[in-house]
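> sequence-free structure coming up:
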């Protein structure tokens, strides 16, 4: 009653109170104030009424489950602002808010129609009109309508060029390049980016057109997209320079206080994005220790901004967790990798869209973890579950490669397995012909060569592995290069009439690469081969030293495996069909102690660990998920 009396006296005070409650995150009182103010809308102008309805729409959409009320308020905002002059900024926000609500309600076609209406209404303001073009394209892309998204962006480009708005033109070109990347059209995307590079250089020289913040962000987004294309087409060697250029922009980011437009990223987002790409570069090069270093730096930035998190920072956090998991598996730390998988799963469970986006990745990571502790049955089940979800050909190629390695590991453990006719081998050959990813192509040759070696098709194996070694050297994929040499070396070493020098020529480079990199399994495998060479040449001193070092590393790995397999989180690998529906902290996991004991009994690491069981988890073929990063 007192509030209504206050409204009669001073509506502006009530609106100020609403803003005050918003600042305190007391959303219920804020809504109460806004609704009270609307009771006397005649005191307010149409523009102010539209603002209030937008506030209410956002509050109901983001803070409650009353989605119908959110829709009603956004529609009211549009109705109030439709005839108001110079209200395009507010109309843009209202149309975008309404479209998001309609999508969540299951009406994507209606959402697209509304955005088109907004585009027609806002054509007098280039910034807001192009923002709606971008939002429509993003919506179409999320619905797998990539061709339609590109057509929408082309229309936006024509409009931006006619309006002589160079920054918006570049931004829409970036969006089109991103669409092409999502379709694996990397060369076509690079052609657009080369054109953008010239435009960005021209803008950098025009201080009155382009603010400092916009210049930095234009450069960052150009390099991010270039990195994605070059990395996929040519591997880490060629993308190294792009990664270095990104790192050079970090000082400029910290000195930029104001950003150009709400489309662009916050300094913290840009900083973390650069660190994510740098970590990805080192991971794909085979240097997982350096990848972890940059992951830790990024986690520190995220910790400093935990109170100001954004959807992009949430997505980058998930990418960092995935990179950390792969790095720790590579370094022979399955116990730490498992804890990170649990954290990743918990974050995905908090928001169902994240679980939908990352369910396939979770299955792959659990499969790789299961294989690292020799739980091969569960590894195969998780990888097969990922295949049922994943639609992208390159992701499916990556999964099939790991399935081949799992089957080979089972066979080497004397588990009945017909490795001569693995379905994944035929699938890899089929998918390899259409892949444009250079690293995955090299990885496919490595795995097919390794498989041919186990099947005693030595001539085929040599041909594939030599080709893989050349490709890995050309793109600086150190782990894949070492893998190729180690398989060839072990092949030569197993021959009765082997030439020691010939084997040494193969093994020595592999040992050098394996020792330089932190991959535990490659390191152990290299030391095993080196010990075999010393034994053949009767070099007792080096043989003893190599054997002792290998035994020490194997002991560390066994202890870490035991720690992982006796932890409650280990039971996660048993949940294949129910992944994401049960809590990883023990809640909802029936008879967890018995389940862990049973798994431990079946899969405890053997005392005589053979480093050739599972040579590598193909972390060097991990693809950067650009879509998750930029959404």
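On my side now, so go ahead. In this text, all values refer to a predicted model and were calculated from it rather than measured experimentally.

> check contacts around the residue nearest to residue 234 when sequence neighbours are not counted.
Spatial nearest neighbour of residue 234, excluding adjacent residues (CB to CB, 6 or more residues apart in numbering): residue 438 at 5.5 Å. C-beta coordinates here come from the backbone N, C-alpha and C atoms, glycine included. Shown in contact with residue 438 (CB atoms under 8 Å, 6 or more residues apart in numbering): 232-235, 471, 475.

> Could I get the full set of helices for the stretch 351-500 of the chain?
Under the criterion DSSP state H, counting those that start in this stretch, the stretch 351-500 of the chain carries helices at the ranges 352-372, 376-389, 393-412, 423-434, 438-454, 458-475, 478-493, 500-516.

> out of the ones you listed, which comes closest to residue 317?
helix 352-372 (10.1 Å; CB to CB).

> circling back to that earlier point, next one: the residue nearest to residue 234 relative to residue 166, how far apart?
34 Å (CB to CB, to the nearest Å).

> now swap in residue 459 and tell me
From residue 459 over to residue 166 the distance is 58 Å, taken as CB to CB.

> In terms of helices and strands, where is residue 202?
helix 186-204 (DSSP states H and E).

> contact partners of that helix?
166-167, 169-170, 173-174, 176-178, 180-181, 209-210, 214-215, 218-219, 222, 225-226, 228-230, 232-233, 436.

> quick one: low-confidence ranges for the stretch 201-350 of the chain?
206-214, 252-265 (pLDDT under 70).

> the helices in it, which residues?
Under DSSP H, counting those that start in this stretch, the stretch 201-350 of the chain gives helices at 212-234, 236-248, 250-254, 267-285, 288-304, 311-330, 334-350.

> Pull out the buried positions in the fourth one.
In other words, helix 267-285. The neighbour-count check on helix 267-285 (16 or more other CB atoms under 10 Å) flags 267-285 as buried.

> Also stretch 178-190?
178-182, 184-186, 189-190.

> Most neighbours of all the contacts of residue 438, which one?
residue 235 (26 neighbours; other CB atoms under 10 Å).

> so that one makes contact with residue 439?
Yes. Using CB atoms under 8 Å, residue 235 is in contact with residue 439, at 4.9 Å.

> Now the common contact residues for the two.
Counting by CB under 8 Å, 6+ apart, the residues touching both residue 235 and residue 439 are 284, 475, 477.

> can you redo these as a markdown table with distance to residue 67?
As requested, these are exported to a markdown table (distance: CB to CB, whole Å):
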| residue | distance to residue 67 |
| --- | --- |
| 284 | 42 |
| 475 | 48 |
| 477 | 48 |
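
> List just the nearest of those to residue 93.
Among those, and counting by CB to CB, the member closest to residue 93 is residue 284, at 39.6 Å.

> shouldn't the closest one be in contact with residue 236?
Yes. Look at residue 284 against residue 236 with CB under 8 Å: they come within range, at 4.8 Å.

> what touches both of the two?
With CB under 8 Å, 6+ apart as the test, residue 284 and residue 236 both reach 439, 477.

> Quick check: the gap between residue 224 and residue 439.
18 Å.

> The two: which is more packed in?
Set side by side, residue 224 and residue 439 show more neighbours around residue 439, with 28 against 23, by other CB under 10 Å.

> Contact partners for that one?
231-232, 235-236, 284, 475, 477, 480, 620-621.

> Now residue 416, what are its backbone angles?
phi -50, psi 120 (degrees, to the nearest 10).

> Can you give me the pLDDT of it?
pLDDT for residue 416: 81.

> dump the residue contacts of it.
Contacts of residue 416 (CB under 8 Å, 6+ apart): none.

> 10 Å instead, please
By CB atoms under 10 Å, 6 or more residues apart in numbering, the contact set of residue 416 is residue 410.

> same deal with the one 5 residues further on?
Listed by CB under 10 Å, 6+ apart, the contact partners of residue 421 are residue 455.

> State the distance from it to residue 369.
From residue 421 across to residue 369, the span is 28 Å (CB to CB).

> quick one on the thing from earlier: determine which two of the contacts of residue 438 are furthest apart.
Across the contacts of residue 438 (CB to CB), the longest gap, 14.2 Å, separates 232 and 471.

> Measure how the helix or strand where residue 92 lies sits relative to helix 352-372, angle-wise.
Using DSSP H and E, residue 92 sits in helix 88-104. Here the directions of helix 88-104 and helix 352-372 differ by 60 degrees (axes from the mean of the first three to the mean of the last three CA atoms, to 10 degrees).
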